[in-house]
Structures are given as structure tokens and as C-alpha cells.
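# I would like the atomic coordinates for the input below:
(2 chains)
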Amino acid sequence: MSSTRSARSRRASRALWLFPVPALALYLFFFAYPTVQAVQYALTDWDGYSAAYRSVGLDNFRQLATGDDVFRNAAENNLKLMVVVVLAQTALALLLALYLVRTTRASTVLRALFFLPTVLSSVAVAFVWRFVYDPDGGLLNSGLRAVGLGNLQSVYLGNPDTAVYWLALTQVWFHAGQMMVVFIAGLQAIPRELYEAAELDGAGRLARFRYVTWPLVAPATGIVVAYTTVQSFKAFDLVLGLGGNPPGPALDLLSTRVYTTFSNNQFGYAAAQSLLFMALIALLTWVQRRAIRRATR
Amino acid sequence: MSRTLDRRAALRLFTASGLGLGLAACAGPGGGGASPAAGNSPSAPATSGAVKGTVSFAHWRAEDKAVIAELVKAFVKKHPDAAVEQDISPSADYQSTALRRIQGSKTGDLFTAFRGAQFQQIVKAGVYAPLTGTDVVGRYRASLVTPGAQAGQQYGLPYQLVFNMPLANTDALDRAGHTSAPKDWNGFLQLLDDLKAKGFTPIAWPGGDTANAGQLLNTMVMNNAPSGDMFTKIESGVYRVTDDWFLKTLEQYAQLAPYFQDRATGSTTDAVTQLFASGKAGLLATGSFQMAGVRALGAKFPFDLVAPITTTAQQAKYEGVFNATFILGVNSASKAQPAAYAFLEFLSDPVNAAVYANGTGQHVTVEGVEYTNADLKAVSPWLARRTLLAPRFQFLDLDIRSAVENAAVAVVGGKKPAQAAEEAQRVIDQKRA
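The predicted structure follows:
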């Protein structure tokens, strides 16, 4: 009797271990294998199609670290974009969520309106915003002229000092609604009793936010910040739509840089850029998550 | 004998799988994935076999789809056992992915290539079945098919012919008192002044669109540079963008800045095309390839082409530039090679080439084509003028090309020419290292 049970338990255990196999196989084939390959390509000067290639050791990484102004410019643009988008998008999404967390007819409509851009295609968004930013007949400059503020007209995407911030504005408009939903879910999970207790203790609106909302919405903030960081690094189609292919130096980001390098048939160098890019995102996400955990402890 | 798959065994299994995949990955770039033709010298296409099977025609001109479909109908009528399927990608995608797609002939029995880097990469990859010695080459104007040749071998046939030089509204030029094109730089600046005085935007320039902002550079350097292969020499390090001739070009860009539409460095091609089509601009600094698009926007005025002559009349070697992208080639690995070659022959027939040209509003390099399209007719005299093969496509490295083109955009945006040149040269030096 006990041996039958033990055999059944062994069978069950064996079956349990088989469940993750398909997922792991997919992971190994579609992630581990290409990653290992990318590492190997990054150590060569392969052009992407020739049978012949040369091993160049760490030269590709050395060049990235010391002698590639174009890559450095893209990295700087990306960091600027990340800082602005993470701060602006997180703040805006949280404000919207705080305002719209109560379910009323008006808030339901507003939530849908703010969420709407998220469901649009990024290419369509890029084309619409290209029209908004167009310095000749675009919406922004036409609007400024119409209200007598023609002297404030700008070149927007054509100014290398500010173009990335206009890209950030588009990105915040595009994704803030999505992040708002994450915050709403986080806010709705906070027990009402905590607010009631805080109110009884005489806490004002700001104090309730500081001591109840903020600590309890921290996990959602962590998700939003991490997601927004990754999103700002992966911005690609939006940039090509707004800045052309390849985008000029004002809008060149790491993602478009990797794409241009692949297009330039520098497969090995592009692979090195991709690996650096991946490491950078992982590092930034880790740093941010730690910082948020500390800040909300 | 039954064995339990415990945690340790499962981990061993996954580690072994991971190592196996890792080792497989280490088999080497190109290993297994490279074309069998790579590195070989492919033989001429089969020109005499039975014309049967489906030809995949890979190209990027979606706007030509209907005209090509019409030609395919006529081709199939002539060769009932054959069929042609158009495989169209957006031009930017085509530029970056075509080689990988046509290598091995999964697609593109007959395919097109951009002049310059893409053409050279496809030659290097051994994908072209060389056309030297085939009858079809003789149907083209010999002087216009050089972009499809390398080392004495004709790999592809540049089909479409464009002039990458400013398109002119001749009504506007007439109103400004200019019935003929200026012969030197001062004359060109005078023309721009006169256009401005008549209320026109002298030059509509898409400075915010990298793909088209660089077109003006073709004509700006054609007479300034010491040789016709100036950008090849910049890329190889023989010339530098800090050399006098290029600094002069950048200084001339600075002189042009007041004649572009306001805030030109942010303008898109769509916006400036609209500006030109509405009759508000005298020149559109892109190329003849936009004639059909400008007409589609309702322009009623006649066209011509007017290039800036940046030197004195005596020093000017060229009146303008031409380019021949859309280089047709037969895939060396095609399983339908006789049919692909037959379709190439069909497109190279002057009657069929005329259908293509008049239907798409683009000139072609085929000899003896009769243009019935009024705009093509008007610009046809340029086929016989002193024109240089468009220089910007000499760049094989996109980063170097961007650096040079962006130097011009930056100068229009207010940067000092010397500073813009130094910054561009720094990028060039790094990319050449």
C-alpha cells in the first residue's frame, strides 16, 4: 500500500517537473541562444552576411567606451529622455490616478480618454505629433500665431538642444494613461480604514498622502518607474516616425543607433552595442528599484 | 526501471540544454546561415530556359505597384506559364533588410537595390547573377548604367532615372524676371533675392527630414569639390570636410539660410512639398522624383530643374546631378531564373519602359523611350546635359554620411561652418578607425 502511494507520488513529482519544460525550452531557444550568439558576434567584425569574419576580441567594446561620439550622443539623449519621461510620466500618472480613483461617471469617461492614446499605433502617434511640431503649418506654431504669441514659435524637433524634450512630451502623452491604470489599481488596494484612522488622528490631505498613500502605493510606483525606464530606452518607432530614418543626432537614441549600425552592416559592432544597451537598462532598473525601496521603507 | 526526475536531475537537464545551445551558438557567425553563394563568383543568369514559374519581384516602390501590375499582366499574356508576384517593403526597411531576405532567394528572383552601399553589399554577397554579355544590357544608355557595374562587370541595371536637384516653379521664376537658370553663385543668389522680392519663399527645404535634407548637398558640392568622387575620398580619408572646398560649401549653406522657409531645420518633406505645390515657393530643394507628388497635390504651374552653381560660370563643370537607384538584378540563387530574366528583358523593352515611366512620372535609363507625360517631357532635356552622378550615394557608411549632411543642417541652424566641419570630421575619423 505504502509502496503504491510512493510510486504515485514519484510519478506526480516527475509530472510536475515536466510542466516548466516547454517554457524553459522556449526561453533557452529564443533568449539564451540569441544572447550567447550576440556575445560571440560582439567579439567579431562580422558584417552580417559574409561567410568570413575576424575575431577582434574586445575591440568593439573598447571603441564604444572610448571613441564613438555618435554612440555617446545617443546615450546622452537616452539618459535625458529617461530622466524627463520617468519623472514627468510617473508624476502625471499618479496625479491622474489620485484624481480619478473614485469611480464616478465623469471619472470613468476621463479614464477612458486618458487611456485612449495607449491603444494607438506608435507610428500613427508619431505622424500626428510630427504635424503638431511642424514649424511651418504645425498645430503648435499655428496656435501660437493665432493667440498673438508668434514670437514664441520654435523649430521643436529641428533644434538639437531641445528636440529630445519634445520627444519626451510625446512619449509622456502616449503612455501616461497606461501608467495611470497601474496607479489606480495600487490606490484601490489601499484599505479605506487606514484613511479613516488617519483622519481621526487629525491628518490633513497632505499628511494622509505622505503617511498612507505614498508608502502603500510604492510597489506600483516601482513597477511604473521600472517600466517607464525600459520604455524610454526602447523608444524606437516613435523616434523613427518623428525624426526619420536614420534620425539626426538630435533624436538619435540607443535603440535607433543599434538599428543604424545593423543597417550599416556592422553586425559585430551592433551586437556589442546591444549588449551594452541591455546591461545599461538592467543596471538602471536595479538602481531605481533599490532607490524606491529605500525611499518608501 | 522507473526513475524520478528530481530537482537535481531537472537542473542538470536544463544546464545541459543551455550548454548545448551555447555551443551551437558558438558555431560562428554566418555558420549555417550564410548564403551558399557568399564569397563565390556567381555565373551569368540562365537566359534561355523555359519561361515558367512564379517570379518574386522584390522592390520598395509601393507607388509603382499598379503600373507594375499592369506590366505583369502583359508579361503573363506573353508567357502564360509564368507569373510575377510583387514583394514590396517600405524603402527604409528595404535598405536595411533586403540583402538578408534575398540571400538564398527565398524572395526576390528579380530584385532592386539602392545605389551605393546596398548595391556593393549585394555584389559582395554574391547575390547578383552578372549581366555582362547578355542582350538586355544593350537596351540601356551606356552612360547611365555605371552605378550597376563594378570592376568591369555589369551586375545590375539601374532602371529609374532621377535628378536630385531643386525643382523649379517656372511661373514663379518668370515673375521674378528669370527666364533662364543662373550660371554662377552670384546669379543664383540674385534669383533668390528676386523671388523673395516677389513674395515667394525662395527655397523650400526639408531640413528636418534627414532623407531629403541631404539632397541639396549633391548640387552644392558638384562644382566645389576637386573631384567627382569627393565623398568616396572623404570616407577613405583622402579629403577632409575641414578642407577649403567643403568649408566653402558650408559657408554657402549659411548664405542660403535666409532664403529657406522660416525654421527650415525642423521642416518635414510633406510640409515643404505642400508649400511648393501651393505656388508659394520658387524652388523645392529635393529632386525630380517629387514631380508626381507635387502634381498630386494640385500644382498647376510648369516645372524645370535649377541647380545652384556654386562657382563662377567658367569654373562650373556640371549643370546638375542625376541618380539611378532602383537597380534591377537577377538573383544568382533563383529557381525561376529564366522567367526572372525574361521579366527583366520585358521591362527593358522601350515600349514597356515607357509604360512604366509615364505611369509613374519617373524617367528611365532605357534607350529610345518616348515620354508622353508632360512633366517628364519638360525635364527631358536634362538627359543630355552635363550632369554628375549624385555624390551623396558615394558614402558607404551611414554614420559618415549623416555626419557630413548634418554639418550642413547645423550651419543652416546657426552653427559656424568651421565648427560644424570639425565636429563632422571628428566623427569621420572615429568611424574610419
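# Show me the residue at the heart of chain A, geometrically.
Taking C-alpha atoms, centre = their mean, the centroid of chain A lies closest to A:Gln231, which sits 1.2 Å from it.
# Contacts only, for A:Tyr259.
By C-beta atoms under 8 Å, 6 or more residues apart in numbering or on different chains, the residues touching A:Tyr259 are A:236, A:246, B:96. For the C-beta atoms, the positions are set from N, CA and C on the backbone; glycine is no exception.
# From those, keep the buried residues only.
Neighbour counting with 16 or more other C-beta atoms under 10 Å in any protein chain shown marks A:246, B:96 as buried within these.
# ok, so of the contacts of A:Tyr259, who is nearest B:Val412?
A:Pro246 (18.9 Å; C-beta to C-beta).
# Setting aside sequence neighbours, what's the nearest residue to that closest one?
A:Thr260 (4.5 Å; C-beta to C-beta, 6 or more residues apart in numbering or on different chains).
# State the next helix or strand along the chain beyond the strand or helix carrying that neighbour.
A:Thr260 is located in helix A:254-263, with elements delineated by DSSP states H and E. The first helix or strand that comes after helix A:254-263 along the chain, using DSSP H and E, is helix A:267-295.
# Give me the buried positions along that following helix.
A:267-277, A:280-281, A:284-285, A:288, A:292.
# restrict those residues to contacts with chain B.
Filtering the buried residues of helix A:267-295 for proximity to chain B (criterion: C-beta under 8 Å from any C-beta of the partner chain) leaves A:267-268.
# which helices and strands does the one helix or strand B:Phe188 maps to pack with?
B:Phe188 belongs to helix B:185-197 when assigned by DSSP H and E. Helix B:185-197 sits against helix B:170-175, strand B:201-204, helix B:244-256, strand B:281-284, with contacts defined as 3 or more C-beta pairs under 8 Å, 6 or more residues apart in numbering or on different chains; DSSP states H and E.
# Including mean pLDDT, distance to A:Leu167 and mean neighbour count, could the ones you listed go into CSV?
Converted to CSV, those look like this (pLDDT from 0 to 100; distance: least, C-beta to C-beta, whole Å; neighbours: other C-beta atoms under 10 Å in any protein chain shown):
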stretch, mean pLDDT, distance to A:Leu167, mean neighbour count
helix B:170-175, 96, 36, 18
strand B:201-204, 98, 25, 26
helix B:244-256, 98, 26, 19
strand B:281-284, 98, 27, 28
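# Quick check: buried residues in the helix holding B:Phe188?
Within helix B:185-197, the residues that qualify as buried are B:185, B:187-189, B:191-192, B:194-196, counting by 16+ other C-beta under 10 Å.
# For the residue in the stretch 201-350 of chain B positioned nearest to chain A, which non-adjacent residue is closest in space?
Closest contact between the stretch 201-350 of chain B and chain A, by C-beta to the nearest C-beta, is at B:Gly266 (2.6 Å). What sits nearest to B:Gly266 in space, not counting adjacent residues and going by C-beta to C-beta, 6+ apart, is A:Gly158, at 2.6 Å.
# residues contacting that neighbour?
With C-beta under 8 Å, 6+ apart, A:Gly158 has these contacts: A:135, A:250, B:207-208, B:263-267, B:413.
# pLDDT score assigned to the residue of the stretch 51-200 of chain B found nearest chain A?
Here the residue of the stretch 51-200 of chain B nearest chain A is B:Ser96; by C-beta to the nearest C-beta that distance is 3.7 Å. According to the prediction, B:Ser96 has pLDDT 80.
# residue contacts, it?
Counting by C-beta under 8 Å, 6+ apart, B:Ser96 makes contact with A:259, A:262-263.
# tell me the least confident of the residues you listed?
Out of the contacts of B:Ser96, that is A:Ser263, at 85.
# On the three-state scheme, the spatially closest residue to that residue that is not a sequence neighbour is what?
Counting by C-beta to C-beta, 6+ apart, the nearest residue to A:Ser263 once its immediate chain neighbours are dropped is B:Ser96, at 3.7 Å. The three-state assignment at B:Ser96 reads helix, by DSSP: H, G, I helix; E, B strand; the rest coil.
# next one: B:Leu328
Per three-state DSSP, the local secondary structure of B:Leu328 is strand.
# That one - how many residues pack around it?
Counted with other C-beta atoms under 10 Å in any protein chain shown, residues neighbouring B:Leu328 total 23.
# Repeat that for A:Arg72.
For A:Arg72, the neighbour count with other C-beta under 10 Å is 13.
# In which helix or strand does it reside?
Per DSSP H and E: helix A:69-100 holds A:Arg72.
# That helix - what's its average pLDDT?
94.
# what packs against that helix?
With contacts taken as 3+ C-beta pairs under 8 Å, 6+ apart, helix A:69-100 sits against helix A:105-115, helix A:163-188, helix A:218-234, helix A:254-263, helix A:267-295, helix B:398-412, helix B:417-432.
# let's see it at 7 Å
Judged by 3 or more C-beta pairs under 7 Å, 6 or more residues apart in numbering or on different chains; DSSP states H and E, helix A:69-100 is in contact with helix A:105-115, helix A:163-188, helix A:218-234, helix A:254-263, helix B:417-432.
# Need phi/psi at whichever residue of chain A sits closest to chain B.
Across chain A, no residue is closer to chain B than A:Gly158, which sits at 2.6 Å (C-beta to the nearest C-beta). Dihedral pair for A:Gly158: phi -90, psi 0, per degrees, to the nearest 10.
# just to revisit the earlier point, could I have the helix holding A:Thr260 exported to CSV, CA atoms only?
What follows is helix A:254-263, C-alpha atoms only, in CSV (Å, rounded to 0.1, in the frame of the first residue of the first chain):
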residue,chain,number,x,y,z
LEU,A,254,20.5,53.8,-28.3
SER,A,255,17.8,51.8,-30.0
THR,A,256,18.0,53.7,-33.2
ARG,A,257,21.8,53.6,-33.0
VAL,A,258,21.8,49.8,-32.8
TYR,A,259,19.4,49.7,-35.8
THR,A,260,21.5,52.1,-37.8
THR,A,261,24.6,50.1,-37.0
PHE,A,262,22.9,46.9,-38.2
SER,A,263,21.8,48.7,-41.3
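# Skipping adjacent residues, who's closest to B:Ala390 in space?
The nearest residue in space to B:Ala390 (C-beta to C-beta, 6+ apart) is B:Asn323, at 3.8 Å.
# Now do the one you found, the pLDDT please.
On pLDDT, B:Asn323 comes in at 93.
# Look at it and say how many residues are nearby.
Neighbours around B:Asn323, by other C-beta under 10 Å: 29.
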